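1. Compute the structure for the input listed below.
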Amino acid sequence: MLESGCKAVKEGVLEKRSDGLLQLWKKKRCILTEEGLLLIPPKQQPPQQQQQQQPPLPAEPAAKIKELHFSNMKTVDCVERKGKYVYFTVVMAEGKEIDFRCAQEQGWNAAITLQMVQYKNRQAILAVRSTRQKQQHLGQTHGPRLRSASNSA
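-> Predicted structure coming up:
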């Protein structure tokens, strides 16, 4: 995501519930962009910053960086506000649910939802434009033949 030139809309720390048996909350450094959410282990630098540093700091492998792209995201459900935390779930298209929590005043759930809706709207607009262009192209290539055929009948 960052390599493609998307600017960071929001950066900070979120806690993600692990998939393991104990389901512990693990802190993740997060970067929200117009394309999705990047989850980085707290000790690791994001991809752009890694390339700029000489020499690279010892960190966890890059495979640990997770990208949750909005094209694969279905919804962001706000589960509950309890104490100082807001708990929310990101539901992916394939049905996988990822649980997060953050301090209520950080507003991560709202920011992720807003960016996801804006992304889906942009995709819908592009799809409509593409369909219109195809229809115009078909109308230009087949239009005169259809008219002349109906005139001769």
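2. pLDDT on the helix or strand where residue 125 lies, on average?
-> Using DSSP states H and E, residue 125 maps to helix 108-152. Averaged across helix 108-152, pLDDT comes to 80.
3. residues touching the residue positioned nearest the centre of the chain, list them.
-> In the chain, the centroid-proximal residue (Cα atoms, centre = their mean) is residue 36; its distance is 2.0 Å. Going by Cβ atoms under 8 Å, 6 or more residues apart in numbering, residue 36 touches 1, 67-71, 73, 119. Where you see a C-beta, it was placed from the backbone N, CA and C, and this is true even at glycine.
4. Among those residues, which one lies nearest to residue 16?
-> Nearest to residue 16 out of these is residue 68 (Cβ to Cβ; 10.3 Å).
5. Now do the nearest residue to the residue nearest to the centre of the chain once chain neighbours are set aside, the pLDDT please.
-> Closest residue to residue 36 apart from its sequence neighbours, by Cβ to Cβ, 6 or more residues apart in numbering: residue 69 at 4.0 Å. Confidence at residue 69, expressed as pLDDT, is 96.
6. Could you do the one 10 residues further on as well?
-> The confidence metric pLDDT takes the value 80 at residue 79.
7. The closest residue to it other than its chain neighbours bridge partners, please.
-> Closest residue to residue 79 apart from its sequence neighbours, by Cβ to Cβ, 6+ apart: residue 87 at 4.5 Å. Going by DSSP bridges, residue 87 is paired in beta bridges with residue 80, residue 101.
8. Helix or strand for residue 98, just tell me which one.
-> Assigned by DSSP H and E, residue 98 falls in strand 97-103.
9. just residue 95 next, same as before
-> Residue-wise, residue 95 maps onto no helix or strand under DSSP H and E.
10. separation between it and residue 75?
-> 11 Å (Cβ to Cβ, to the nearest Å).
11. Then residue 113?
-> Separation of residue 113 from residue 75 (Cβ to Cβ) stands at 8 Å.
12. Which of those two has more residues huddled nearby?
-> residue 113 (18 against 12; other Cβ atoms under 10 Å).
13. What residues does the nearest residue to the more buried one once chain neighbours are set aside make contact with?
-> Setting aside the residues directly before and after it, residue 113 is nearest to residue 76 in space (Cβ to Cβ, 6+ apart), at 4.5 Å. Neighbouring residues of residue 76 by Cβ under 8 Å, 6+ apart: 88-91, 109, 112-113, 116.
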